[in-house]
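Novice: here is my input, please return the structure:
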Amino acid sequence: MFQQTPLGQHLVIEDRIFVNAKDKHDTEMEKIKEVIIRESERQPTWGELLPKCFISLELEFASLTKRNIPLITLEHLKKINSLQPIRPLSEDELKVFLKFQHSIGKLLYFEELKLDDRIVLSPTLLIDAFKSIVTDRRFCKGDRNREEIWDAMGMKGVVFKQAIYEVWKRKKYAKFNKEKDYLLAVMTHLDILVEPKRYDSSRTRIPADFYYVASMVRAIDDSGYLQSAGIIKRNIALAFESSSLMIPPALSFRFISYCLSVWAVKTYGENNKDMLFHRSGVFTIDPSLDMYILCEDDKISVRLVHTRTNTLIMRDLASSINECLTSALEKISQLYIRTSSDQNHTSDASFVTSVCCNSPDKPCILPFENLAYVDKIWKCPAHGIEHPIHIIKSWIPGKQEENECEPGCPVTNEEFLKELPSDLHLRRLSLMYSSNDVRELAIHLGLSTTDVNMTVDTGDQALWNFEVFRRCRDSKAVTFKDIKRKIAALGKGNIHTLCKVNICNETLTEPGSFNRISSLVKGDFIGYDREPEKWDVVTTEEHIDRLVSLVGNKSLPFLIELGMDFHTWERISHKQIERDLVRLNKDILEEWSNKFCRMHSLKPTLRTIAQSFSNIGKNVKIVENALLDLF
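Specialist: Got it, this is the predicted structure:
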C-alpha cells in the first residue's frame with residue numbers, strides 16, 4: 001500500500017503481524033510483544049543513566065499500580081518518599097523525578113494550579129475516563145444517556161457537564177466519579193475537552209455548562225461563509241504544510257481544540273449557528289475580524305477575514321497570531337517526534353509556513369522564503385489575483401523603528417549613569433547588538449570567557465544576549481557609566497545608544513533615584529490620555545483572555561516591560577513542561593495583575609498593558625481592536 005510513497009517512512013516495524021485483538025491468548029501476541037521490546041531498545045533514551053535514588057520510588061509506583069491504585073495525592077507521595085530506607089529525595093529532586101517520569105510517559109504530573117496535587121500512576125486511567133464519554137456510537141447502543149451524549153457531540157461538538165456526571169455516577173465508573181473534578185481539569189488542560197469562556201457582569205470568568213469536543217464534530221461546513229461577498233478582498237491567508245505530506249487527524253483535532261481554548265467560536269447566519277465543523281471552524285478575533293481554520297490531510301490553512309477590507313488587518317495582530325499558532329503546532333507535533341525511534345524522521349512532524357492566495361478555492365501557495373523575490377505585487381498563477389506585498393507580509397513581524405535622540409537625554413546625567421541597569425534596560429540593550437558584539441562587550445565589562453560560554457543558548461539570540469548582560473550586571477555590578485564607556489571604546493555606538501534602553505513609563509521604573517530622571521525619557525504615552533475612562537480601567541479576566549494571543553513569542557520582553565524581573569520569568573516559564581505561548585502569556589498577565597501590582601501598590605490598568613505592547617514593538621491598536629466591544 002505504501003511502497004514508493006512518502007508515507008512508507010512512517011512504517012517503523014518491518015514484521016507482518018496479524019493479531020486478533022479480541023483474543024488475549026492469540027499466539028501472535030507474543031510476537032508483537034517481542035517487536036515492541038525491540039523497538040523500545042531503539043528509542044533515543046534507551047541506555048541513558050538514571051539516578052539510583054529514583055529506583056525505589058519507581059518500584060513503589062509499580063506496586064501501587066498492581067494493587068489497582070491508579071492515582072495518588074502529592075501528600076501521599078511525600079509520605080512514601082519520607083519512608084524510603086536509603087535516602088528520601090529532596091523536594092527539588094522529587095519534582096525532577098516527577099517531570100522525568102511524565103516526559104517518558106510512565107505517569108502524568110502537571111505542575112499547574114489545581115492539578116499539581118495529584119499524580120496519575122496509570123495514564124490509562126485518563127484514557128478510560130475519556131472513552132467513557134467519547135467513543136464510537138456502537139459502544140453506546142442500549143445506553144440512552146450515552147447515546148444522547150454521542151448525538152449532541154456529533155451535531156454540535158459539545159458535551160454537557162451534567163451528562164458526564166450522570167454517566168460517572170454509575171458503579172461501573174465509580175473510580176472516575178471519585179476524581180471527577182481532577183480528571184475533567186486534566187482533559188481541559190490537555191485540550192481534549194475545551195471549556196468555552198463565560199464571564200459575569202464584572203467580566204470575571206465563570207464556569208460554562210458544557211465542553212467542546214473537536215474530535216467528535218461531524219458537521220460539514222454548509223454555511224457559505226467563504227463564498228460571502230468580497231471575501232477575496234477581505235482576507236489574508238497562510239498555510240502550514242506538513243513536511244511528511246500527511247497530517248494525522250489526531251493532530252488536526254488537537255489544533256482545533258487549541259483554537260477553541262483561546263478564541264470564541266463565531267456564530268453566523270440567520271440562526272446564529274456555531275461555526276464549528278469537522279476539522280474546521282471560524283473564530284472571533286475581535287468585532288471586525290474572524291479567523292477561519294481548515295485542517296486538510298496535507299496542510300492547515302488559516303485565514304484572517306475582515307468585515308470590510310484586508311488592508312485594515314494590522315500587521316502586529318496577524319504576526320502575533322502566526323507566532324501563537326506556530327508555537328501550538330510545534331508543541332502538538334512533539335508527540336509524533338517523541339514516538340519516532342528513528343531520529344532521522346524528526347522532521348516528519350515539522351511544518352513549512354507559506355502564504356496562501358486570497359481565493360478560498362484551491363488557493364495558490366507561496367513559501368515565506370520566496371517573499372524576498374517579490375517586488376510589489378504577487379500574482380497567484382491559478383487565479384490571477386494580485387496581492388500587494390505589504391499586505392501578504394502582515395504575517396511576518398516588522399522591524400521596530402528607531403527613535404531619534406532628544407535634547408536632555410539621561411546619558412548626560414551623572415545620577416543616571418551611576419545606576420545599575422534593570423532587567424528592562426538590559427532587555428532593550430540585548431536587542432541592539434549581535435551575539436558576537438555582546439560577547440565582546442561582556443568580556444570587556446569583566447565577564448570571563450568561560451562564563452560567557454556557559455550561558456545556555458536556546459537558539460533565541462535576543463534571549464542569550466539578555467542573559468549575558470544580566471550576568472555582567474549581577475556579578476560585576478555594571479553601571480550605565482561602565483556600559484557607556486565600553487560602547488564608545490569598542491566602537492559599538494556613541495553615548496546616545498543608551499537613550500534607546502531608557503524607560504518609557506514612570507510606573508514601570510524600579511524604586512530608587514532613577515524615578516526622578518524618568519521625565520527625561522523619550523516618547524510620550526501613545527495618545528490615550530484623551531480617553532482615561534477607557535485606558536485607566538483595571539484589567540479583568542476577560543481582558544486578559546482577549547489579549548494573551550496578541551503577545552505572540554515576545555513573552556519575556558513583555559514580562560519585563562510590565563516591570564517584572566528575570567527571576568519571575570524563570571519561575572513562571574519553569575512551570576511549563578510543554579511550550580505553550582498562550583498559557584505562558586496568560587500566566588504572565590495574571591502574575592502581573594494579581595501579585596506584582598498588588599505588591600507594589602500599582603493599579604493594573606489597560607494603559608500599562610498597551611504601553612508594554614508598544615515597547616515590545618507591537619502596534620497598540622491591536623489592543624484597542626481586541627477590546628473594542630468591552631470599552
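
Novice: okay, now the unreliable bits of the stretch 251-400 of the chain?
Specialist: The stretch 251-400 of the chain contains residues with pLDDT under 70 at 335-349, 398-400.

Novice: which parts of the stretch 1-150 of the chain are strands?
Specialist: Under the criterion DSSP state E, counting those that start in this stretch, the stretch 1-150 of the chain contains strands at 71-73, 118-120.

Novice: closest one to Val374 among those strands?
Specialist: strand 118-120 (50.8 Å; Cβ to Cβ). Where C-beta positions appear, they are placed from N, C-alpha and C, glycine not excepted.

Novice: who are the packing partners of that closest one?
Specialist: Helices and strands touching strand 118-120, by 3 or more Cβ pairs under 8 Å, 6 or more residues apart in numbering; DSSP states H and E, are strand 71-73, helix 74-82.

Novice: I'd like the strands of the stretch 1-150 of the chain as TSV, with mean neighbour count, distance to Lys362 and mean pLDDT appended.
Specialist: Shown next, in TSV, are these (neighbours: other Cβ atoms under 10 Å; distance: least, Cβ to Cβ, whole Å; pLDDT from 0 to 100):
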stretch	mean neighbour count	distance to Lys362	mean pLDDT
strand 71-73	17	49	95
strand 118-120	20	45	95
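
Novice: and the ones you listed as CSV, adding distance to Tyr433?
Specialist: Output for the strands of the stretch 1-150 of the chain, formatted as CSV (distance: least, Cβ to Cβ, whole Å):
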stretch, distance to Tyr433
strand 71-73, 49
strand 118-120, 45
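
Novice: how much space between Ser132 and Arg198?
Specialist: Distance of Ser132 to Arg198, given as Cβ to Cβ, to the nearest Å: 25 Å.

Novice: err, Glu591, not the other one
Specialist: Distance from Glu591 to Arg198, counting by Cβ to Cβ: 23 Å.

Novice: so the two - more neighbours on which side?
Specialist: Neighbour totals were compared for Glu591 and Arg198, and Glu591 leads with 18 against 13 (other Cβ atoms under 10 Å).

Novice: spit out the contact partners of the residue nearest to that one when sequence neighbours are not counted.
Specialist: Excluding its sequence neighbours, the residue lying closest to Glu591 (Cβ to Cβ, 6 or more residues apart in numbering) is Ile572, at 6.1 Å. Contacts for Ile572 (Cβ atoms under 8 Å, 6 or more residues apart in numbering) come out as Leu559, Leu584, Asp587, Ile588, Glu591.

Novice: which element is the last one on?
Specialist: Just to be clear, that refers to Glu591. Applying DSSP states H and E as the criterion places Glu591 in helix 581-591.

Novice: who are the packing partners of that helix?
Specialist: Here helix 581-591 is seen to pack against helix 249-262, helix 315-338, helix 541-547, helix 555-561, helix 566-574 when contacts are counted using 3+ Cβ pairs under 8 Å, 6+ apart.

Novice: out of these, which gets nearest to Glu14?
Specialist: Of all the helices and strands packed on helix 581-591, it is helix 315-338 that lies closest to Glu14, at 19.9 Å by Cβ to Cβ.

Novice: tell me the first helix or strand C-terminal of the helix or strand bottoming out on mean pLDDT in the chain.
Specialist: Sorting the helices and strands of the chain by mean pLDDT, DSSP states H and E puts helix 414-417 at the bottom, at a mean of 65. Per DSSP H and E, the first helix or strand lying C-terminal to helix 414-417 is helix 423-430.

Novice: what mean pLDDT does that next one get?
Specialist: Mean pLDDT, helix 423-430: 76.

Novice: any idea which of the helices and strands packed on helix 581-591 is most buried?
Specialist: Among the helices and strands packed on helix 581-591, helix 555-561 has the highest mean neighbour count (mean count of other Cβ atoms under 10 Å), at a mean of 25.

Novice: can you name every helix or strand that that one contacts?
Specialist: Where contact means 3+ Cβ pairs under 8 Å, 6+ apart, helix 555-561 is packed against helix 423-430, helix 461-476, helix 566-574, helix 581-591, helix 606-615.

Novice: so can I have CSV of these showing distance to Arg42?
Specialist: As requested, the helices and strands packed on helix 555-561 are exported to CSV (distance: least, Cβ to Cβ, whole Å):
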stretch, distance to Arg42
helix 423-430, 41
helix 461-476, 34
helix 566-574, 31
helix 581-591, 33
helix 606-615, 47
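
Novice: out of those, flag the one nearest Cys259.
Specialist: Among these, helix 581-591 comes nearest to Cys259, with 10.1 Å by Cβ to Cβ.

Novice: tell me the contacts of Leu628?
Specialist: Asp286, Pro287, Ser288.

Novice: try it again at 10 Å.
Specialist: Leu628 is in contact with Asp286, Pro287, Ser288, Arg546, counting by Cβ atoms under 10 Å, 6 or more residues apart in numbering.

Novice: what is the nearest of these to Ala214?
Specialist: Arg546 (21.4 Å).

Novice: so the closest one sits right up against Leu630, yeah?
Specialist: Yes - the pair Arg546 and Leu630 qualifies as a contact (Cβ atoms under 10 Å) at a distance of 7.4 Å.

Novice: need the overlap of contacts for these two.
Specialist: Shared contacts of Arg546 and Leu630, defined by Cβ under 10 Å, 6+ apart, are found at Arg203, Thr540.

Novice: so Glu41 makes contact with Glu34?
Specialist: No - assessed by Cβ under 10 Å, Glu41 is found out of contact with Glu34, at 11.1 Å.

Novice: joint contacts of the two?
Specialist: Counting by Cβ under 10 Å, 6+ apart, Glu41 and Glu34 have no shared contacts at all.

Novice: can you check the contacts of Leu628 and name whichever has the most neighbours?
Specialist: Neighbour max across these (other Cβ under 10 Å) = Arg546, 24 neighbours.

Novice: quick one: residues contacting that one.
Specialist: By Cβ under 10 Å, 6+ apart, Arg546 lies in contact with 197, 203, 262-264, 285-286, 540, 623, 625-630.

Novice: for it, give its distance to Ile285.
Specialist: With the distance defined as Cβ to Cβ, Arg546 ends up 9 Å from Ile285.

Novice: follow-up on the earlier one: Pro88 is nearest to which of the helices and strands packed on strand 118-120?
Specialist: Proximity to Pro88, assessed across the helices and strands packed on strand 118-120 by Cβ to Cβ, is greatest for helix 74-82 (4.9 Å).

Novice: deepest-packed of the helices and strands packed on strand 118-120, please.
Specialist: Counting by mean count of other Cβ under 10 Å, the most buried of the helices and strands packed on strand 118-120 turns out to be strand 71-73, with a mean of 17.

Novice: direction included, what does that one pair up with?
Specialist: Here strand 71-73 is paired, per DSSP bridges, with strand 118-120 (antiparallel).
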